[in-house]
Every structure is written in C-alpha cells, then in structure tokens.
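only the shape, not the letters, is given here:
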C-alpha cells in the first residue's frame, strides 16, 4: 500500500518529492497573542521539571483529554505529560519535538495522536508525516514504545474527510509495525452509527470528543499503556545532582 | 472618535450595525473550508434540537459557550435552570447573527439569552465588534420581545499582555456604554481576575490561554449563575 520507500524515508514521496507533511514547521502567530509559542515554551519547561513515564503529543484531541476527569482517573496515575495543542498538524508536532519538547525526559511510552488537521495534505502524505514523528521519537528515545492512535471519523454524515482519515489509518496499519517499536491503535470503533451519523453525545461538534467519547477511547488506550508499562523493565536512572 | 460614539450612541449604533459598513454585524454563515460541513451540521442540529424544548435560558456564542456544556459545571448550575447551549467554536459575531436569524430562535422563547462572543472577530476593530454584539442584542429583542439579553464580557487572552487583550477590554467598555440605556440588556463582567499582577494568565485557568479549564469555568460560572437566578426571578415577576 503506497510507496514502500516511504517507510525508510517518510520525508520523501514516491519520485523523491519532499513530503510536506513531514516538514517541521512552527505555527505563525496570526491572531496576535502568541498562544502557540506560549504553550510550546511551557511544555519545554515541563520537560525540565517532570519525569514522565508516558508522553502524549498531538493536536486538540490530545489537549482536550486533559480537561476531562478521565485524565485524572486513568492517565495522571501513569505519570503522563500532555503536549497537545489544538489545531496542530504533523508539521507542527515535528517542529515541537525537534525544538525542546523531548529534552531531559525519557518516557517509556509516547502516544501520538495527530493528522486530522492536515488539510493541505493527501492521506498518504499525512501518514508519512505521522511515520516521520514515530521515527523521530524512536531515534531520540531509543527505549520508548510509540503508540499511534488512529484518526477518528468526523462530520455529521459521510464526507471526504472520513474517507481520508480512514485511508491514513490504512497506511499506518501496514507501515507502523515495520518500525519495531511503534504500533497502531484504532480507537474509533463505534462512533459511526449504522445510518452513517455521528452523535453529538460522542463528538460535541462532530470532531471533538465529549466526556463520554473520551471514556470510550480511554479504556483500550489505558489497557494498552498498562500492558506496555508492565512489560518495560525499570531503568536505572543516573542520579540527578 | 470615542467622544462622538458616546454623544451619538444610537446613531453610531445604526451606522456600526448597518450591513454595508460593518462585517461584524453582517449575518454570515460559517464556511466549510475543511470538507465535512460541521458548521452547518451544528446549526441544523440546534434548530431541530430546539423544536421540542422549552428552555428558560439560552446560551449562545463561541467555543467558550460550547465547551461549557461539556463539563460538570453545566449539569450542576445551568441544567437546573432549563438552559440550552448553542455555542459553536470559532464563531464570531457575524456567525452568531446568522444562526439566530436563520432558525435557532424559531421555536423557543427563553426568558434570558446569555450571549458570549467577540473574541474570534479577527481583523475587526473593537468598535466593529461592539456593533456586531449590539446587532445581536437588537435581533434578539426583535424576535423575542420579552427576553432579557445578558452579554458576558469578553475574557482576556494570551499568556502575557498583547493587542487582543486591549481589543477585548475595549469591546467590553463600548458594549457596557451601549447597553447602559437599554432595559432589556446588560453586560456582565465574568473575569474573576485571570490576569495576575505580572500580567500573566495561568494555564490552570485558561489551558491554552484562551479556553477555560473546568477550574476556570467554576470561577466564571458561580457569579454568572447567581446573576442569572436573579434575572430569572425578576422576569418571573413581570
């Protein structure tokens, strides 16, 4: 599925064109209050203070999760950090990871959830961007396991973005296992009803999850994280003076 | 310029809210730039959702309204008041104006409309944004003659001082002046003091320096709830 050369070099599409979804890029402050950079700066600071076992990185799907009770119940106890920023694309996440958000931390697991905002890119490009993120993580943190969450369906009824997100997931399903330390987790089951609709009880704006929606995805994710953490031997940490 | 506004408030309001001169006061539907039609889906959902409801309170506005519905504070404080939530993330005044003009007020007669919008009016001046808010206030009066409109002050945003904070503060000042003579509307400042003495806003209150955390909502909603209850009791007496 797709160009197998992408697996070794997701920055290049077939024909050796650069994959724009794998090009690191900061978000420009167009609104005037510099909030993206403020959030990034805060995350870099958190890396100095915290010793997370689990790192979540991605877009608003990651960010919003921390605002619900489910985060405190299931993920805080795992010593998880949340580096989600609303609106982020794979390019923005790549930039953040290359510019301080991995410094001084050694999480055992990194959860990546990004791609639904990559509106300028094709499904294959988006998958390549996510792959590039997974590769960056395993090269910077050789002992980390990477869990990539599948993109959820979106919109009230069937629409091109659902097809696109499903296609991204299809690429990831076949590419990620070849990375060894990365795996794909599909948490989207059940959101699309038999009539093709998504309920606002699960996604309050047909994109972002409600408390109930997060509860549904958090369980399989938390189970997987616990399993990985159980399997991972405790590292001897060099004493920090 | 500002003195002119105060002296000729009604004339200025007319000028500011006329469709030709103020984009913030020109009803404009959301555009589906992403490809899944969510804005219109939400609007249609609100219209059909209102057909069998009899809310006493309607909350309408942007993501600050929309997100409020997702947290416990809604169930604790506003469900008991029989409130409906028509918040849409990203909406500016012209979008709310369009939604209310195109069916969202069609089947309901709330006693109080809580309006919280303005922070997403990028590219508009404070005067234009005020004009947009006042156009919504006027529309609500036209469609629901007995309703009271409670406009919530636009919150400060950004980690440190920036032009949007100034713009939002100016919007609140202008709206306060504009509603001061109206019996059917008022402005409530719901900022409990989010800006610290060093000018910073904490992510514990606004997790991305724009959107409220559950803790932030608690601080905003306690006084709002008390004020709303007072308004509803007054409306009941009328």
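Structure received. What you are looking at is a predicted structure, and each value in this text was computed from that prediction instead of being measured. Numbers count the residues shown, from 1 in each chain, chains lettered A, B, ... in the order given.

residue B:77 is in contact with residue B:225, isn't it?
Yes: using CB atoms under 8 Å, residue B:77 is in contact with residue B:225, at 4.4 Å. No exception for glycine: its C-beta is placed from N, CA and C like everyone else's.

who touches residue B:87 in this structure?
Neighbouring residues of residue B:87 by CB atoms under 8 Å, 6 or more residues apart in numbering or on different chains: B:59-69, B:116.

avg pLDDT for stretch B:172-189?
Across stretch B:172-189, the average pLDDT comes to 97.

so residue B:77 and residue B:225 - more neighbours on which side?
residue B:77 (20 against 16; other CB atoms under 10 Å in any protein chain shown).

helix/strand/coil for that one?
On the three-state scheme (DSSP: H, G, I helix; E, B strand; the rest coil), residue B:77 is labelled helix.

and the pLDDT for it?
pLDDT, residue B:77: 97.

and for residue A:186?
You'll see residue A:186 listed with a pLDDT of 97.

quick one: the spatially closest residue to it that is not a sequence neighbour and residue B:206, what's the gap?
Excluding the flanking residues, the one nearest residue A:186 by CB to CB, 6 or more residues apart in numbering or on different chains is residue A:150, at 4.2 Å. In this view, residue A:150 and residue B:206 are 30 Å apart by CB to CB, to the nearest Å.

cool, residue A:130 as well?
Distance of residue A:130 to residue B:206, given as CB to CB: 29 Å.

between these two, who's got more neighbours?
residue A:130 (34 against 22).

what does chain B have sitting close to chain A?
For chain B, the residues in contact with chain A (CB under 8 Å from any CB of the partner chain) are B:33-38, B:41-42, B:45, B:66, B:69-72, B:88-89, B:122, B:157-160, B:162-165, B:203, B:207-211, B:213-214.

same thing but at 6 Å, please
By CB under 6 Å from any CB of the partner chain, the residues of chain B that approach chain A are B:34-36, B:38, B:41-42, B:70, B:122, B:157-159, B:162-164, B:208-209, B:213.

in helices, which of the residues you listed fall?
B:38, B:41-42, B:163-164 (DSSP state H).

what's the most distant pair in those residues?
Distance extremes for these: the farthest pair is B:41 and B:163 at 33.5 Å, using CB to CB.

give me the buried positions along the helix or strand where residue A:225 lies.
Applying DSSP states H and E as the criterion places residue A:225 in helix A:211-231. Under the neighbour-count criterion of 16 or more other CB atoms under 10 Å in any protein chain shown, helix A:211-231 has A:211, A:213-218, A:221-222, A:224-225, A:228 buried.

ok, now stretch A:112-124?
Result for stretch A:112-124 [16+ other CB under 10 Å]: buried residues A:112-118, A:121-124.

endpoint to endpoint, that stretch covers what distance?
17 Å (CA to CA, to the nearest Å).

for residue A:207, which non-adjacent residue is closest in space?
The nearest residue in space to residue A:207 (CB to CB, 6+ apart) is residue A:154, at 4.8 Å.

just the endpoints, please. Distance across stretch B:72-88?
The first and final residues of stretch B:72-88 sit 19 Å from each other (CA to CA).

backbone phi and psi for the residue of chain B most remote from its centre, please?
Within chain B, residue B:198 marks the point farthest from the mean C-alpha position, 28.0 Å out by CA atoms, centre = their mean. Phi and psi for residue B:198, reported as degrees, to the nearest 10, are phi -90, psi 10.

for residue A:83, same thing?
phi -110, psi 50.

show me the beta-bridge partners of it.
With DSSP bridges as the criterion, residue A:83 is bridged to residue A:57.

doesn't residue A:59 make contact with it?
No: between residue A:83 and residue A:59 there is no contact under CB atoms under 6 Å: 10.5 Å.

could you show me where the helices are in chain A, in order?
A:5-8, A:35-49, A:60-65, A:69-70, A:90-98, A:123-140, A:160-175, A:211-231.

next, format those helices as a markdown table and append distance to residue B:138.
Output for the helices of chain A, formatted as a markdown table (distance: least, CB to CB, whole Å):
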| stretch | distance to residue B:138 |
| --- | --- |
| helix A:5-8 | 56 |
| helix A:35-49 | 32 |
| helix A:60-65 | 34 |
| helix A:69-70 | 40 |
| helix A:90-98 | 41 |
| helix A:123-140 | 45 |
| helix A:160-175 | 37 |
| helix A:211-231 | 36 |
